[in-house]
Structures are given as structure tokens and as C-alpha cells.
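Asker: how would this look folded up:
(4 chains)
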There are 2 protein chains.
Amino acid sequence: MQDSLSQTFSALADPTRRALLARLSRGDANVSDLAKPFMKDMSLPAITKHLKVLEKAGLVTKSKDAQWRPCKLNGAPLKDAVNWMEHYRVFWEESFDRLEIYLKGKKR
Amino acid sequence: MQDSLSQTFSALADPTRRALLARLSRGDANVSDLAKPFMKDMSLPAITKHLKVLEKAGLVTKSKDAQWRPCKLNGAPLKDAVNWMEHYRVFWEESFDRLEIYLKGKKR
DNA sequence: CTTACATTTAACCAAACAGTTAATTAACTA
DNA sequence: TAGTTAATTAACTGTTTGGTTAAATGTAAG
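Answerer: Model prediction:
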């Protein structure tokens, strides 16, 4: 079993799964709706598996409506991931020189 | 070959690699310095491999100083990752009710 | 009760991943 | 030149990942 940050990042490390999240960000959808744009490229069970990864990471929740399984995006795990990354903001946001100054300031 | 966002996320999806980045955020270090805290748990070649993953993702750059390989953190790829996640901020930041309202507003 | 639809599970496979130990390369030092 | 240190490469292994096809499950509709 992985720590939850690792689970979140590895769930995001796949373009199909990111596309599923993007789709869900525009509204809830059941499995076959989610699968539709990918059916040229992969089978339905493949999508089921990707959704399971997203569910285990807590990024998607499924409910029941007759034979359908409406899926919902849950952003909470992304908050932790972004919080982790924010510690590194200085390493991309500041210019090189300002970064140098910042680091030298920290050492004192 | 993967897209760069997938590469970034999968590089981050490992606690050892995140710890290496955390160490580098406190200053440059060569390979054996970086490895030291992990030597109880894994071998030096394992660290070399983790560093290679981070290098391929563009998160770390190595230079040469005699037999040492000083490593430096490069935050740039994190910027793209955070930018991607920012699209989902509304899904963790707003309360459930406000999120509902927001989504209903978008549909019109 | 049978059929159709939505989804999942099972069984399998190839490729990638994360580690190992042993050997190798490269540079400094005595 | 011989020995030491830093790091990488090679070869191997077990596990995980991402996909497949075929079968099974569960629900609704005739």
C-alpha cells in the first residue's frame, strides 16, 4: 500500500486518467459516457480499470442508478498534492538571481 | 516516450524521489550525500536510478566536479503540473453548496 | 421469462518499474 | 603506479501497470 500523495501523483501520471478527470470537471457522467471518447483507442474494461485507480486515489466516487454508475470528481486529494508542490514555488517562480538571493538569505 | 506532464507526475509518485527533491530544495548536493539518508533502506545504484528518473523529468540537473556529480533542483516542470491542477481548484476549495451553484451557473 | 444494456471480473500477456549484486569507469591521492 | 573514492552500468529478478478478450453480474424492459 502506498502513501496517499504517491497514490494521487501516480493516478495523475496517465493522460487517459487526466482526461477522465477533465471530463468529470464538466459534470458527472456514467462509465460508458466517460468511455465514449476513448473507445477508438481502448476497450471498456480498460476504462473500468482507470476509474478504479482514480477511485482508490479518492479522486472519483461512484454511485448507483439502476445499471448505471454515475461518477463524480472529488478534488480533495489534489489539495494535498498542490500543497506539497507549493513548497517548491520559489524554484520556478523567482528569477535565477532572486532565487540565489533567497537561498543565501536562508542559510544565515 | 511519455508526455511531459505524465513524466512529471510519475516522477513525483515515489516517496524516495520526493525526499530527494526535498533535500535538494535545501541546497545542491552530490549523489552520495543525497544517498546517505537512504543507505539503510536501499543501495547506491537504486538512488542513481531515482535520480535518473528525476533528470529525465527535468526536475534535477547534474553537473561535474571531479568525481562528484553535484545535483540541482529545477522547479520548472512543477509549474506546469501546478497549472494543470489549478483548473481543479474549485473542486477542493469551494464548499459543496458553492460548488453546486458554480456548476449550475456554468451550464447556462 | 427472456432479452438487452451497463458494468465488472477473470485470466492472461508484454512492458515498465524498483530493487539487487557485481563489475566498470573516471578522477584524485599517496 | 597502485589504491581509494564517487558514481554508473550490466545483468538479473519479482512486482506492478496497462492493456486484451471472454465470461459473469445486475438491472430494466418487453
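Asker: going forward, measure contacts and count neighbours with C-alpha atoms only.
Answerer: Noted.
Asker: buried stuff in stretch A:25-37?
Answerer: The neighbour-count check on stretch A:25-37 (16 or more other CA atoms under 10 Å in any protein chain shown) flags A:25, A:28, A:29, A:30, A:31, A:32, A:34, A:35 as buried.
Asker: of the residues you listed, which belong to helices?
Answerer: A:31, A:32, A:34, A:35 (DSSP state H).
Asker: now do the second one against residue B:76, distance only.
Answerer: What that stands for is residue A:32. 37 Å (CA to CA, to the nearest Å).
Asker: now do the same contact list for residue A:17.
Answerer: Counting by CA atoms under 8 Å, 6 or more residues apart in numbering or on different chains, residue A:17 touches A:11, A:50, A:51, A:54.
Asker: next, count neighbours for the third one.
Answerer: Neighbour count for residue A:51, taken as other CA atoms under 10 Å in any protein chain shown: 25.
Asker: distance of residue A:26 relative to residue A:48?
Answerer: Note on residue A:26: its distance to residue A:48, by CA to CA, is 19 Å.
Asker: quick one: the strands in chain A, in order.
Answerer: Using DSSP state E, the strands of chain A run over residues A:60-62, A:71-73.
Asker: most packed of the ones you listed?
Answerer: Neighbour counts (mean count of other CA atoms under 10 Å in any protein chain shown) averaged over each of these peak at strand A:71-73, with a mean of 22.
Asker: are that strand and DNA strand C in contact anywhere?
Answerer: No. Using CA under 7 Å from any atom of the strand, we find that strand A:71-73 stays clear of DNA strand C, coming within 8.3 Å at best.
Asker: so who does residue A:74 touch?
Answerer: Counting by CA under 8 Å, 6+ apart, residue A:74 has contacts A:58, A:59, A:60, A:61, B:91, B:92.
Asker: could you find the lowest-pLDDT member of those residues?
Answerer: Across these, the bottom pLDDT score, 91, is held by residue B:92.
Asker: check contacts around that one.
Answerer: Residues near residue B:92 by CA under 8 Å, 6+ apart: A:74, A:75, A:76, A:78, A:79.
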